[in-house]
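[1] the following comprises the amino acid sequence and a computationally predicted model.
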Amino acid sequence: MTVLLEQAGKLIMEKTGIMPEVRIPLAESYGRILARDLAAATDFPPFHRSPLDGYAVKFADVCKADSDRPVSLRVVDYVTAGNLSQVAVRPGTAVRIMTGAKIPAGADAVIRLEDTLTEGKTVKILTASGADQNICRQGEEFRQGETILTKGAVLRDGAMGILAMFGQAEVTVYQRPRVAILATGSEVIDVNDLLETGKIHDSNSYMLAAKVREAGGEPVLLGQVPDVLPEIVERLRRPDGIDLYLTTGGASVGDLDLMGQLFERLDIQPLFTRLAIKPGMPVLAGCWGESLLVALSGNPAAAGVSFEVLVRPLLRKLAGAACHERGRARVVLSQPLTKTGPVRRFVWASCAPGPDGRLAARPLLVQRNGMLAGLILANALLDIPAGSPLLPAGTEITARLF
Ligand SMILES: Nc1nc2c(c(=O)[nH]1)N[C@H]1C(S)=C(S)[C@@H](COP(=O)(O)OP(=O)(O)OC[C@H]3O[C@@H](n4cnc5c(N)ncnc54)[C@H](O)[C@@H]3O)O[C@H]1N2
Ligand code: MOO
């Protein structure tokens, strides 16, 4: 049965759970998905500290200083970052301080070095303007107990830095879903095998493995099998611990398009058998035990599009990500688009800021459905609504950006 993309998404999302948690070293957590909220264990900064190299002073002592009438203070200590001043700042005194050091007791302002003249044990303050602002207050960035990261966040530079800031040497993330990828088709051979006439190398497995990795999964390549049902079944049954099965090929109406029979043989009730999109129309999906099995088209570009719009959101959910979808933006066609029609269509495109500052999309129309070439330059997927007429340059449309 043919379903709209939204219906298909809903049907498979309903069948998708979230992976169990695992604790891993922070250093290995790039790209992983946080499984627990993180609350600040302490204030940050954990103490009042100096943002400048200069002198810690009492503001009342120096507030009237200017270069004609500098204020002289006795320098009573010297404090570097990581060390503490042994002496409190009292009226008439100053402590020389370096960036990052704790503000000494008694001080409520820092004069930057450029606004001072040091003469032995005395410092002359030439101006105090803004000096009371020259303190990074304890807790000004984060308050103890405040929620800083929420589960489902993807760990990248900022989040990893913040986890380290709070001393989290290990982090609780979701296990990566293991995604089996099987290429079916008697014409497809492994990348290591020598090409013979009539055969092609399996590109789908590698393209999909890259997409799985990008989406937060761990690809498990099951290789290639000919269009022979028992061989397909045997290969799919080989690995343990698979959270999602993907196949390519044999999903259409040809004599050797075996995916319908595969579903029957494995006793899988299909949730749907075709999507109302182009390319990427042939897609069967159903539950195989605890996991989902999604049979994608053999056409590389069709498999790529179905993955992007259907499988990727489900994989993001399975992986525990809070956000399942790509970012979307309205973009302007920089060339006319003739590939329109009664069915919703997705077109790879290259987007860059145009002369008017808006994002201009250049459709990569080298593609027939089987062609991967468009993917090389693509950084967006244009979403052309069903029933669109020919779209002239300048038309605004929605794009998924990546
Ligand atoms: N009579 C009809 N024929 C076709 C229809 C149709 O509606 N009626 N739909 C066409 C469309 S659209 C598509 S898309 C394809 C889908 O067919 P399958 O999903 O069954 O895929 P295959 O036939 O197995 O392969 C299609 C194409 O892709 C090549 N291929 C397959 N696997 C790989 C791989 N791992 N790496 C690289 N290339 C691969 C394969 O050799 C074929 O050329 O059906 C149309 N036909
Ligand atoms: O349905 Mo095919 O997937 O248009 O390319």
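    Sure, I can see it. Here the structure is a predicted model, which means the values were calculated and not measured. Numbers count the residues shown, from 1 in each chain. Ligands and ions are numbered 1, 2, ... in the order given.
[2] how far away is the closest residue to ligand 2 within the stretch 1-150 of the chain from ligand 1?
    Using Cβ to the nearest ligand atom, the single residue of the stretch 1-150 of the chain nearest to ligand 2 is Thr2, 10.7 Å away. All C-beta spots, glycine's among them, are computed from the backbone N, C-alpha and C. Taking Cβ to the nearest ligand atom, to the nearest Å as the measure, Thr2 falls 11 Å from ligand 1.
[3] please apply the same query to Thr172.
    Going from Thr172 to ligand 1 by Cβ to the nearest ligand atom gives 37 Å.
[4] next: Arg312.
    18 Å.
[5] wouldn't that residue be in contact with Lys211 here?
    Yes. If you go by Cβ atoms under 8 Å, Arg312 and Lys211 touch, sitting 6.9 Å apart.
[6] what residues does the stretch 251-400 of the chain put near ligand 2?
    Within the stretch 251-400 of the chain, the positions near ligand 2 by Cβ under 6 Å from any ligand atom are 278-282, 297, 299, 302, 369.
[7] save these as JSON lines, and put in distance to ligand 1, pLDDT and secondary structure too.
    Shown next, in JSON lines, are these (distance: Cβ to the nearest ligand atom, whole Å; pLDDT from 0 to 100; DSSP: H, G, I helix; E, B strand; the rest coil):
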{"residue": "Lys278", "distance to ligand 1": "7", "pLDDT": "93", "secondary structure": "strand"}
{"residue": "Pro279", "distance to ligand 1": "6", "pLDDT": "92", "secondary structure": "coil"}
{"residue": "Gly280", "distance to ligand 1": "7", "pLDDT": "93", "secondary structure": "coil"}
{"residue": "Met281", "distance to ligand 1": "5", "pLDDT": "94", "secondary structure": "coil"}
{"residue": "Pro282", "distance to ligand 1": "4", "pLDDT": "95", "secondary structure": "strand"}
{"residue": "Ser297", "distance to ligand 1": "3", "pLDDT": "96", "secondary structure": "coil"}
{"residue": "Asn299", "distance to ligand 1": "4", "pLDDT": "92", "secondary structure": "coil"}
{"residue": "Ala302", "distance to ligand 1": "4", "pLDDT": "92", "secondary structure": "helix"}
{"residue": "Asn369", "distance to ligand 1": "5", "pLDDT": "60", "secondary structure": "coil"}
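[8] does the helix or strand where Leu262 lies come close to ligand 1?
    Counting by DSSP states H and E, the element that carries Leu262 is helix 259-265. No. Between helix 259-265 and ligand 1, judged by Cβ under 6 Å from any ligand atom, nothing touches; the nearest distance is 7.4 Å.
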